[in-house]
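# 3D, please:
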Amino acid sequence: MNVLIIEDEFRAVNQLRKLLTQIDVECTILEVLDSVEASVFWLKNNKMPDLVFMDIQLADGLSFEIFQKVKVETPIIFTTAFDQYAIQAFKVNSIDYLLKPIRLEDLQVALSKFKETVRPKGLSPETLSQLVKQMLPEPVQNFRESILIKQGDTLLLLKVEDLLFCYSENSVTFGVTKSKRFIIDETLDQLFNSFSPKQFFKINRGQIVAKHAVLQIKPYFNHRLKLKIEGGDNYDFTVSRQKTGDFKNWLNQ
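Alright, predicted model coming up:
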């Protein structure tokens, strides 16, 4: 069995070599590569191995980038330090994975699965896209910190962090702080899309609430949620049925 190892940690390579020797004396390690660039070059210029052991985080990026640059028609066993929840993503394409530090019994099971494989399994473009999205850090976004509002003939700067909630009424958008209610010259959707999703949630078509302003949550009719929001004693806040699950997840973040 010809094996390619793509791994940038010296100790991890040595450990894998040792374990492979214990399990399969006929295993031949063709090459050890430590970067996306080196892996792409090798795979383009050499015959495909029987099996690839591949770490996720390499010296110059994520190993998923390899598949975007070269077609790989070889079974992959990922080796990674990511926790078991992130690892679940690999199951969508029946790819084996090993958590570091690799245990002998886990490697034996993975190799048994490989030997039972009828034909090589590559990564589909859809799978690659899903994995890359899950593992790549989210792009940095600049969410607004203030809103320019008009009161009379004066322009004021309202800090977004001071908002407790916003709502729409008769096609007019309002923002409420601890001390005042302001008219905002934007639609509720425009406003929400400019806010950090970690701090604000659109609970229904007409209301946005700030996480720091949520005081109480109670189950409500038809699987909805009833909220008590700071500064909102004169308002009714109900999380729509469709958004209940997402709202709970948002609070847990």
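# residues of the longest helix anywhere in the chain that come out buried?
Counting by DSSP state H, the longest helix found in the chain is helix 10-23. For helix 10-23, a neighbour-count test (16 or more other Cβ atoms under 10 Å) marks A12, V13, Q15, L16, L19, L20 as buried. (Each C-beta comes from the backbone N, C-alpha and C, glycine too.)
# mind listing the strands the next helix or strand after that helix pairs with, and their directions?
Per DSSP states H and E, the first helix or strand lying C-terminal to helix 10-23 is strand 28-33. Next to strand 28-33 in the sheet, as set by DSSP bridges, lie strand 2-6 (parallel).
# how about the strands in the stretch 51-200 of the chain?
51-55, 57-58, 61-62, 76-80, 96-99, 146-151, 154-159, 165-169, 172-176, 181-184, 200-204 (DSSP state E, counting those that start in this stretch).
# out of the ones you listed, which gets the lowest mean score?
Across the strands of the stretch 51-200 of the chain, strand 96-99 has the smallest mean pLDDT, namely a mean of 78.
# give the contact list for the residue lying farthest from the centre of the chain.
Centroid-distance maximum for the chain: D153 at 45.7 Å, with Cα atoms, centre = their mean. With contacts taken as Cβ atoms under 8 Å, 6 or more residues apart in numbering, D153 has no neighbouring residues.
# how close does it get to R181?
Distance of D153 to R181, computed by Cβ to Cβ, to the nearest Å: 19 Å.
# equivalent analysis for V52, please.
Here the criterion is Cβ to Cβ. By it, V52 lies 61 Å from R181.
# which one of the two is surrounded by more residues?
Legend: neighbour count by other Cβ atoms under 10 Å for V52 and R181, higher for V52 (23 against 10).
# my guess is F200 contacts L188. True?
No: F200 lies out of contact with L188 (Cβ atoms under 8 Å); the separation is 11.1 Å.
# shared neighbours of those two, which are they?
Residues touching both F200 and L188 (Cβ under 8 Å, 6+ apart) are I208.
# surely I149 and K180 touch.
No: at 10.0 Å, I149 does not count as touching K180 under the criterion of Cβ under 8 Å.
# so what sits against both of the two?
Residues touching both I149 and K180 by Cβ under 8 Å, 6+ apart: none at all.
# looking at those two, which is more packed in?
When neighbours are counted by other Cβ under 10 Å, I149 and K180 differ, and I149 comes out ahead with 16 against 12.
# residues touching the more buried one, list them.
Going by Cβ under 8 Å, 6+ apart, I149 touches L155, L156, L157, L158, G175, F182, I183, I184, D185.
# measure it to I217 for me?
30 Å.
# what of A210?
14 Å.
# same check, this time on T21
Remark: distance between T21 and I217 (Cβ to Cβ) = 57 Å.
# and for D60?
Relative to I217, and taking Cβ to Cβ, D60 is found at 46 Å.
# just checking, Q199 touches A210?
Yes: counting by Cβ under 8 Å, Q199 touches A210, with 6.1 Å between them.
# between those two, tell me which one has more neighbours.
Shown here are Q199 and A210; by other Cβ under 10 Å, A210 has more neighbours (22 against 15).
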